[in-house]
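1. okay, structure incoming, though there's no sequence with it:
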């Protein structure tokens, strides 16, 4: 069964997964003074300019073409500016993925069902995994290049937000189970490295991965898969 997922514009962050049954927060930014707001606006414009340049390079040359020097040249700034803004190449690539992650978060927070509110928690969980699978397949090279080192991978805010949403849904479906560990188990199936291995190295079609996700959800939640 295929779930149609319509991406919407980013919405403000939502609450942390440990808070009662709400979607997790990507960022928590307090109020700023007026001069701070102006500085942040300038920084945001510069950041957007650099990310636009990086996105153009990916479209023209692929992920391999995105280096700090190439982005600086494309954006007509010094290389040091790019390093100050993103730290390193992984930080730059991760920032490129943040917009997509925010769009996905907006979809499961307030988009149309079955991904967004209005469907049952079980239907939403099935649709969530399918949405993440296809998002990974579309951005696979970028996701693999931007993946943090193993000791930081699971603590990244975007990763925590997605895992937190899965945990929230599981708490509504199987409230007596260890939903935190189950969320890690389910998210492992959606890992970009696994999607790469199964699709590009093993030649599996996406439809098989989708079916596998729906079956895994049924087994974890002890429910019947859709007919």
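-> Sure thing, it's come through. Small disclaimer: the values here were computed from a predicted structure and weren't measured.

2. what element comes up after the least confident helix or strand in the chain by mean pLDDT heading to the C-terminus?
-> Least confident helix or strand of the chain, by mean pLDDT, DSSP states H and E, is helix 150-153 with a mean of 71. Next in sequence after helix 150-153, counting helices and strands by DSSP states H and E, comes helix 157-173.

3. what's the average pLDDT for whatever helix or strand comes next after that following helix?
-> For helix 157-173, the following helix or strand on the C-terminal side (DSSP H and E) is helix 179-189. Helix 179-189 carries an average pLDDT of 96.

4. not counting helix 179-189 itself, show me its contacts.
-> 125, 129, 154, 159, 162-164, 166-167, 170-171, 174, 194, 212-213, 216-217, 220 (CB atoms under 8 Å, 6 or more residues apart in numbering). For glycine as for every other residue, the C-beta is placed from the backbone atoms N, C-alpha and C.

5. do that again at 10 Å, thanks
-> 17-18, 125, 128-129, 132-133, 154, 159, 162-174, 178, 194-195, 198, 209, 212-213, 216-217, 220-221 (CB atoms under 10 Å, 6 or more residues apart in numbering).

6. show me what secondary structure element comes after that helix.
-> helix 192-196.

7. just give me the longest helix of the chain.
-> Assignment by DSSP state H gives helix 34-61 as the longest helix of the chain.

8. tell me the helix or strand right after that one.
-> That would be, after helix 34-61 and using DSSP H and E, helix 68-75.

9. buried ones in that following helix?
-> 68, 70-72, 74-75 (16 or more other CB atoms under 10 Å).

10. and which of the residues you listed is nearest to residue 97?
-> residue 71 (15.2 Å; CB to CB).

11. thought the closest one was touching residue 61?
-> No. Between residue 71 and residue 61 there is no contact under CB atoms under 10 Å: 11.5 Å.

12. in contact with the spatially most central residue of the chain, which residues?
-> Using CA atoms, centre = their mean, the residue of the chain that lies closest to the mean C-alpha position is residue 101, 3.5 Å off. The contact partners of residue 101, by CB under 10 Å, 6+ apart, come to 10, 26, 94, 132, 135, 156-159, 161-162.
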